[in-house]
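*Asks:* Have a look at this fold, sequence not included:
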Ligand SMILES: O=C(O)[C@H](O)[C@@H](O)[C@H](O)[C@H](O)COP(=O)(O)O
């Protein structure tokens with residue numbers, strides 16, 4: 001079953017009934033609303049469990065959201081932050097998602113949150129994934145909140161079409177929290193959450209911006225068969241919120 005959404009800025013889109021599609025006039029309006037939603041989810045988890053886990057993606061889209069969330073009142077000392085995926089680069093590298101999150105999110109009120117870092121100081125990406133998997137094993141699962149991005153090739157996290165590790169990273173039987181992934185059409189080996197850990201998140205959110213990303217989402221939704229061709233399809237068939245601005 002689907003629902004037809006008439007966007008204000010970019011025509012119609014058919015989304016599953018389990019999708020909460022929210023459109024905003026601009027990145028700032030979206031950022032404020034997304035920060036409020038994430039804070040509400042994390043606060044509920046803190047009230048219920050005494051702590052909360054938040055997994056965030058890198059890239060350029062999330063920056064206004066990170067800035068807004070960093071200024072949002074919350075018991076941040078009870079929040080554990082981790083990356084949905086990371087490039088196997090030093091944290092000083094411009095391509096580092098760890099660097100991005102430390103500069104854009106873990107400041108202001110959110111500076112008290114604890115970042116569970118990806119072990120990019122390991123000898124190689126496989127060793128980094130192993131060490132990070134052990135670190136993630138100490139967290140409370142499932143994730144309370146997971147915020148995904150999407151590339152125009154339909155990748156999400158570092159689950160890329162054509163990646164040699166895609167099948168194993170998306171296997172229902174994997175017991176891993178994260179694994180190494182070699183992207184197609186993007187630099188750097190990656191360490192990515194596995195699909196079962198992403199899909200199990202209590203609150204799953206896809207944050208995208210621009211007309212091209214909406215067209216990519218339309219293409220993904222129009223044919224949900226063969227998810228391996230557009231891995232974002234793996235998360236579109238479960239309840240999730242989509243936040244989009246033109
Ligand atoms: O490390 C990464 O690159 C991200 O985690 C990745 O999955 C990102 O969300 C998409 O590539 C969208 O990136 P943009 O927001 O820059 O378009």
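*Replies:* Good, I have the coordinates. Since the structure is predicted, the reported quantities are computational estimates derived from the model, not experimental observations.

*Asks:* residues in contact with the residue nearest in space to the middle of the chain?
*Replies:* For the chain, the residue nearest the mean C-alpha position is residue 148 (2.4 Å; Cα atoms, centre = their mean). By Cβ atoms under 8 Å, 6 or more residues apart in numbering, the contact set of residue 148 is 57, 84, 156-157, 198, 204-207, 232, 235. Where you see a C-beta, it was placed from the backbone N, CA and C, and this is true even at glycine.

*Asks:* need the helices for this protein, in chain order.
*Replies:* 27-49, 63-70, 97-104, 125-136, 166-169, 195-199, 211-222, 233-236 (DSSP state H).

*Asks:* Dump those helices to JSON lines, plus distance to the ligand.
*Replies:* Putting the helices of the chain into JSON lines (distance: least, Cβ to the nearest ligand atom, whole Å) gives the following:
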{"stretch": "helix 27-49", "distance to the ligand": "11"}
{"stretch": "helix 63-70", "distance to the ligand": "9"}
{"stretch": "helix 97-104", "distance to the ligand": "5"}
{"stretch": "helix 125-136", "distance to the ligand": "14"}
{"stretch": "helix 166-169", "distance to the ligand": "13"}
{"stretch": "helix 195-199", "distance to the ligand": "11"}
{"stretch": "helix 211-222", "distance to the ligand": "7"}
{"stretch": "helix 233-236", "distance to the ligand": "12"}
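
*Asks:* Format those as CSV; extra columns: mean neighbour count and mean pLDDT.
*Replies:* CSV is the format used below for the helices of the chain (neighbours: other Cβ atoms under 10 Å; pLDDT from 0 to 100):
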stretch, mean neighbour count, mean pLDDT
helix 27-49, 18, 98
helix 63-70, 22, 98
helix 97-104, 20, 98
helix 125-136, 19, 98
helix 166-169, 20, 98
helix 195-199, 21, 98
helix 211-222, 17, 96
helix 233-236, 21, 98
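
*Asks:* Distance to residue 6 added to those, as CSV?
*Replies:* Shown next, in CSV, are the helices of the chain (distance: least, Cβ to Cβ, whole Å):
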stretch, distance to residue 6
helix 27-49, 18
helix 63-70, 25
helix 97-104, 33
helix 125-136, 41
helix 166-169, 34
helix 195-199, 29
helix 211-222, 13
helix 233-236, 19
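
*Asks:* mind checking which of those helices is nearest residue 117?
*Replies:* Between residue 117 and the helices of the chain, the tightest spacing by Cβ to Cβ is seen for helix 97-104, at 6.0 Å.

*Asks:* give me the residue from the chain nearest the ligand.
*Replies:* residue 149 (2.1 Å; Cβ to the nearest ligand atom).

*Asks:* for that residue, what are its contacts?
*Replies:* 57-59, 61-62, 156, 206-208.

*Asks:* How about residue 196?
*Replies:* 171-172, 174.

*Asks:* Could you check how far the spatially closest residue to residue 59 that is not a sequence neighbour is from residue 27?
*Replies:* Once flanking residues are discounted, residue 59 sits nearest to residue 149: 4.9 Å by Cβ to Cβ, 6 or more residues apart in numbering. Plainly put, residue 149 is 13 Å away from residue 27 if you go by Cβ to Cβ, to the nearest Å.

*Asks:* what's the pLDDT at the residue of the chain closest to the ligand?
*Replies:* With respect to pLDDT, residue 149 scores 98.
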